[in-house]
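Q: Predicted structure and sequence below. I'll ask about it afterward.
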Amino acid sequence: MTEPRQSFSRVISDVNLVAMDWGRDHGGERLGTKWYDGEASMEPSEKWPVPESVRLAIRRIVTDAFSRLVTMKEMTESIRIAGGFTTEQAKLIADTEIRLGQSHGNLAAWKRTGVVRSTKWLKSMLHTVRDCCDLNAEAGIVPIGQAFPSGDECPPAHIGCRCGLGIAELDELKR
């Protein structure tokens, strides 16, 4: 009877490892881009200039957050200090970076199972302004690993995004 519990723990551990790896490789890369300025682009935004040293510090902070138990408050404070951000900005960055890591970790776990065939973008009920999330949701079912119209394989598609990713189809033979 303990086997399913061990398997579940293993999956959670694997998802956190992928999220940690994602943070190490990609954490902070969207800071100072138009993505954070309300446009779906990785081009630099004149409104959010961010030095590479701050991006690297954020990357380290995100990696640490997934490698050991760190509270959101501790992570927010580390980001605030690293980049000279306001507490509100640091909270938004911390939340977005954690969501990115978790989403990519979940997606990687789904891919590894070989059971998930396709996904769908689940637009948040908090979503009030038409943007790339609407296009992603309207795209319907997308093969796993394929990008949605925004260019993202999984949420968040923009700063403050609360959308989710759902499993649309399973491979019944592998299930």
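A: Thanks, I have the structure now.

Q: mind listing the helices for this protein?
A: When secondary structure is read from DSSP state H, the chain shows helices at 3-26, 52-67, 72-83, 87-113, 132-138.

Q: so for the first one, what's the average pLDDT?
A: Spelled out, it's helix 3-26. Confidence over helix 3-26, taken as the mean pLDDT, stands at 68.

Q: One more: the third one?
A: Computed over helix 72-83, the mean pLDDT rounds to 95.

Q: looking just at contacts, which helices and strands does it meet?
A: Judged by 3 or more C-beta pairs under 8 Å, 6 or more residues apart in numbering; DSSP states H and E, helix 72-83 is in contact with helix 52-67, helix 87-113. All C-beta spots, glycine's among them, are computed from the backbone N, C-alpha and C.

Q: ok, now the longest one?
A: The helices and strands touching helix 87-113, judged by 3+ C-beta pairs under 8 Å, 6+ apart, are helix 3-26, helix 52-67, helix 72-83, strand 116-122, strand 164-170.

Q: looking at these, which is closest to I144?
A: Closest approach to I144 among those is made by strand 116-122 (5.2 Å; C-beta to C-beta).

Q: ok, for the residue nearest the centre of the chain, nearest residue in space, not its chain neighbours?
A: Here the mean C-alpha position of the chain is nearest to the C-alpha of L100 (C-alpha atoms, centre = their mean), at a distance of 1.1 Å. If you skip the residues right next to it in sequence, L100 has P156 as its closest partner in space, 6.3 Å away by C-beta to C-beta, 6 or more residues apart in numbering.

Q: Next, count neighbours for that neighbour.
A: Other residues within reach of P156 by the criterion other C-beta atoms under 10 Å amount to 22.

Q: if I pick it, what's in contact with it?
A: The contact partners of P156, taken as C-beta atoms under 8 Å, 6 or more residues apart in numbering, are 96, 99-100, 103, 162-163.

Q: next one: A65
A: Taking C-beta under 8 Å, 6+ apart, one finds 23, 75, 94, 97-98, 101 in contact with A65.

Q: top of these by neighbour count?
A: Across the contacts of A65, the neighbour count under other C-beta under 10 Å reaches its highest value at E97, namely 28 neighbours.

Q: Under the pLDDT cut-off, which ranges of this structure? List them.
A: Segments of the chain classed as low confidence (criterion: pLDDT under 70) are 1-12, 34-45, 174-175.
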